[in-house]
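Participant: quick one, structure for this:
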Amino acid sequence: MLDKTVKFDGRVLYLTEDQEQLKAQLYGHERLTFAADRKLIDNISTDELTPGWVCYYYDETLARYCLVGLRGGNVKQDAIGKSGASVIVSGVSKGCGSSRETAPYSELKAGIKLVIAKNIEKIYGQNCQNIGLLTSTDFSLLPRIERGEAIPIEEFTKGLDPIAAEIVRHGGLFAYNQARLAGKTTPPAVTTKARPMTLCEKIIAQRAIADAKTGRLGVPAVQPGDALFVRTDVRFSHEYVTPMAEALFKMGLGKDAKITDPQSVFAFRDHLTFLDRIMPEAHVKMGLKEQAASLATVQEAFTKKQGVKLYGEVHRGGNLVGSEGICHNIVIEDIAEPGQLVIGTDSHTCMAGAIGCFAFGVGSTDMANSWFTKDVRVKVPESVRVNVRGTMPSGVCAKDLMLHLLSDQFFKTGAGIGKVLEFAGPAVTAMSLDERATLTNMAVEAGGFTGIIEADEVIVDYISTQRGTDAARLRKQIVKADPGASYVKTFDIDLGTLVPTVASPGDPRNGIALSELRKTQGKVKANIAYGGSCTGGKKADMDMYASVVRKALDKGRTLQCKTYIQFGSQRIRDYAEKMGYIQLFEGAGVELIDPSCGACIKAGPGVSFTADEVTVSAINRNFPGRSGPGQVWLASPLVVAASAFLGYVGGPDEL
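Facilitator: Presented below is the predicted three-dimensional model:
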């Protein structure tokens, strides 16, 4: 257990929008004191805390590169550690984006003991708790800290559920779990009485660990705020994270620790498959090529030792061509089922909510613990209901719906952090699985816990046909929200009112109608058009790319910028080949890329290399530095393909 009070001997570092003030703090030893009106940087993503290339490390080396991706480029290697800071302060939405635990770990190892921000993103905050990094949204603590006051540990448990509070008191998840498994601490029993429940609440109630000794599952009901451990059905990780999770697994449980039920654990070599194609020479000289390659080697050895299925690389003609698929696409194709509880070491794990399961991203520590216990802690989240009706207009798709929704002030102000987005309504039921998956995939861009859609015959037919699974069993697993279930907010959207929408560089919540963009900024020149990722590399996306490419070619158009299309899985590539799309795309001059995360995480063809390059992209997020130093506009597959032929950010109706 931590001491009852905590004293912060280091300085307080304010991440200010004033770049000169920031540099003066980091390199001029200037000390700022608390000022309520100081403008702090908002929406600091985990990509900025530890850019993709930094994540090739998974030990204390991470401290050297803490915040080197922060906008403005003023945070140099070792700057945070040398600043002498023990408290770091920023604005709204700290830790948005990827679930990478390397981000808070880099802060912790650089000497930071406390993170203060106006609000803390859900996965980032949980990762901080897991590793013993304190967090708070209470700015009134800052004058007290600056006076040298010892702060009671209970100040950092305010507003937390009982389990999270105990994890903070124990200094991290491993210490807490050791006490839990030894019977020294016990999670509070869930005593919520029967009530109408949302989709996710019902799945949580079914998977709740009611009796740890007997393994009995299920409680009558749960409600937002209840804290409990739940049994997982699927646990997966990719090569970016598996090595760090394994190191934590051994550290916490011993070098001979074994995964419980390895048949429900999966690993993916899907993130860094094409890294060597775009790695800068400076990174090669740093030895990062070998460091990155070691992640896959460590993962493969781990899966063999533990008996875990690895979805790995694909070779044709003796040459490496790509991965079997991006984890999120394959989880839907091969693994998850309606009503299940799925965790993965990636924030876009929520994509599997499209088939009616409760799926969410976790950090390395949570995964390492779940490998042994098969459970994961959950604070029952509030749900937002998104009712969708009407008919999708021509030129509009699910991506436009999400970019429109994310631009609402509810999400822009961080009110959506930790919420479930439950999509429903006749227009959702009318969507294909692929379009539904775009909705649930991008729930995390709202700061959401996850996204979910009630399974139906579309899902049953897909899974039973794809995998040969018994359809009757799948139907029995379908979970439906109860009439009268409570939602913290409800959106009612008529698809007929939607127009093609893009998100300007910096944040997926920067949505703007394409027509409005034209009025305010004219024709935004595009240097790169990228269609791919888990969000934009599905079969339905291939259909959309193909429809626009055919239209452009019929009108005698040619590509006006570098254009890439990347498949989400080998099955999707096979589909494109069967439909004649590969010949169509290559004939137009598009560079086709086999499955991998690739450019979405700055790890494959399609990235920018200079700050003045502009990319129009079908990926899910456009935080600074995400796909290179250039500016990224998020758009639908239709707009991406049209922009490739227009040479500027535009839609198919402009061809």
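
Participant: by mean pLDDT, which helix or strand of this structure comes out lowest?
Facilitator: helix 173-181 (a mean of 88; mean pLDDT, DSSP states H and E).

Participant: and that one, what does it pack onto?
Facilitator: Helix 173-181 is packed against helix 122-131, helix 162-170, helix 242-253, helix 364-373, with contacts defined by 3 or more Cβ pairs under 8 Å, 6 or more residues apart in numbering; DSSP states H and E. Where you see a C-beta, it was placed from the backbone N, CA and C, and this is true even at glycine.

Participant: pLDDT of the first one, averaged?
Facilitator: Across helix 122-131, the average pLDDT comes to 95.

Participant: which outside residues touch it?
Facilitator: Helix 122-131 has contacts (Cβ atoms under 8 Å, 6 or more residues apart in numbering) with 46, 94-96, 99, 101, 103-105, 108, 115, 120, 134-135, 160, 164, 167-168, 172-173, 347, 361-366, 417-418, 447-449.

Participant: out of the helices and strands packed on helix 173-181, deepest packed?
Facilitator: helix 122-131 (a mean of 27; mean count of other Cβ atoms under 10 Å).

Participant: could you point out the helix or strand that follows it?
Facilitator: strand 134-136 (DSSP states H and E).

Participant: domain ranges for the chain?
Facilitator: Using automatic domain parsing, the domain parsing of the chain gives 5-170, 234-379, 500-655.

Participant: now the end-to-end length of the last one.
Facilitator: Yep, that's domain 500-655 we're talking about. 15 Å (Cα to Cα, to the nearest Å).

Participant: let the chain start at 25 from now.
Facilitator: Renumbered: residue one is now 25, and that last one reads domain 524-679.

Participant: so how far is it from its chain's centroid?
Facilitator: Mean-position distance between domain 524-679 and its chain equals 20 Å (Cα atoms, centre = their mean, to the nearest Å).

Participant: again, but for the shortest one
Facilitator: Shown here is domain 258-403, whose average C-alpha point lies 14 Å from the average C-alpha point of the whole chain (Cα atoms, centre = their mean).

Participant: quote the end-to-end distance of that domain.
Facilitator: End-to-end for domain 258-403, by Cα to Cα: 19 Å.

Participant: okay, buried residues for stretch 611-626 please.
Facilitator: For stretch 611-626, the neighbour count (16 or more other Cβ atoms under 10 Å) marks 612, 614, 616-626 as buried.

Participant: who wins for proximity to residue 51 among the helices and strands packed on helix 197-205?
Facilitator: Ranking the helices and strands packed on helix 197-205 by proximity to residue 51 (Cβ to Cβ) places helix 146-155 first, at 26.4 Å.

Participant: just want the angle from the closest one to helix 197-205.
Facilitator: Angle of helix 146-155 versus helix 197-205, following axes from the mean of the first three to the mean of the last three Cα atoms, to 10 degrees, is 70 degrees.

Participant: give me the distance between residue 276 and residue 386.
Facilitator: As judged by Cβ to Cβ, to the nearest Å, residue 276 and residue 386 stand 15 Å apart.
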